[in-house]
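**Q** return a 3D structure for these sequence lines:
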Amino acid sequence: MVIHNIPPVFDKNSEILILGSFPSVKSREAEFFYGHRQNRFWRVTAAVFGCETPKSVEEKKAFLLSNHIAVWDVIAECEIEGSADSSIKNVKPNDLSVILGKAKIKKIFTNGRTAHAYYNKYLLSKTGKEAICLPSTSPANAAYSVEKLIEEWKTIKE
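**A** Residues are numbered from 1 along each chain as shown. Now for the predicted structure:
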C-alpha cells in the first residue's frame, strides 16, 4: 500500500475544492501537489485566474489560498504501480470533512475521470455534494492542449 503523504491545502476562506485521484511519484517525492513538471495544473489554473504560474511550493500555496482554492486528493492510500491511475486498487478514501468542516466550499471539482469515479464511489454519499468533472491536467491526457484545458477549467471561476 502507498500512503498519501501530502496534507491538503486550504483555509477557512476556501470556496473551491479541486480533488485529484492520488499523487504521482513525482508529487510524492516533492511532497506537494502536481509536482511533475509536465503536469499542466499550475499553468492552467494560473491562466484561469490571470496570474503568473507559481513555481515554488510557497508560491503555489499562496496562489491557491489567495484565489480561495483548496486542493487535495480523493484517495488516502491505495496500491498503485508508478503513477498510473489505471493501476489503482484497494482504495481507502480521504476524509473530506477535514476541509468541509472548516472551509466554505461552494463547489467541488475533480481533476480527471479517475478522480471523479472514485469521488462518486467513495465520497459523494458522505459529502452530499456533486462534483464537476474537469479534464485531467496530467501529461497523459494528450487529447487536451493547454489552451483547451484553460477553456474547460474556466468554470472553476464562475
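**Q** quick one: average confidence on the one helix or strand Arg43 maps to?
**A** When elements are defined using DSSP states H and E, Arg43 is found to belong to helix 41-48. Computed over helix 41-48, the mean pLDDT rounds to 98.
**Q** check stretch 137-147 too.
**A** 94.
**Q** outside of that stretch itself, list whatever touches it.
**A** If you take CB atoms under 8 Å, 6 or more residues apart in numbering as the criterion, stretch 137-147 is touched by 24, 34, 36, 38-41, 43-44, 47, 111-112, 135-136, 149, 152-153. C-beta: built from backbone N, CA, C; applies to glycine.
**Q** could you point out the helix or strand that follows the helix or strand Lys92 falls within?
**A** Lys92 belongs to strand 89-93 when elements are defined using DSSP H and E. Moving toward the C-terminus from strand 89-93, the next helix or strand (DSSP H and E) is helix 97-100.
**Q** how far does the longest helix along the chain sit from its chain's centre?
**A** The helix of greatest length in the chain, counted in residues with DSSP state H as the criterion, is given as helix 57-66. The gap between the average C-alpha position of helix 57-66 and the chain average comes to 14 Å, counting by CA atoms, centre = their mean, to the nearest Å.
**Q** output the contacting helices and strands for it.
**A** Where contact means 3 or more CB pairs under 8 Å, 6 or more residues apart in numbering; DSSP states H and E, helix 57-66 is packed against helix 41-48, strand 69-73.
**Q** now render the ones you listed as CSV, adding mean neighbour count and distance to Asn5.
**A** As requested, those are arranged in CSV below (neighbours: other CB atoms under 10 Å; distance: least, CB to CB, whole Å):
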stretch, mean neighbour count, distance to Asn5
helix 41-48, 21, 18
strand 69-73, 23, 11
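**Q** need these in TSV with distance to Lys129, can you?
**A** Below are the helices and strands packed on helix 57-66 laid out as TSV (distance: least, CB to CB, whole Å):
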stretch	distance to Lys129
helix 41-48	20
strand 69-73	13
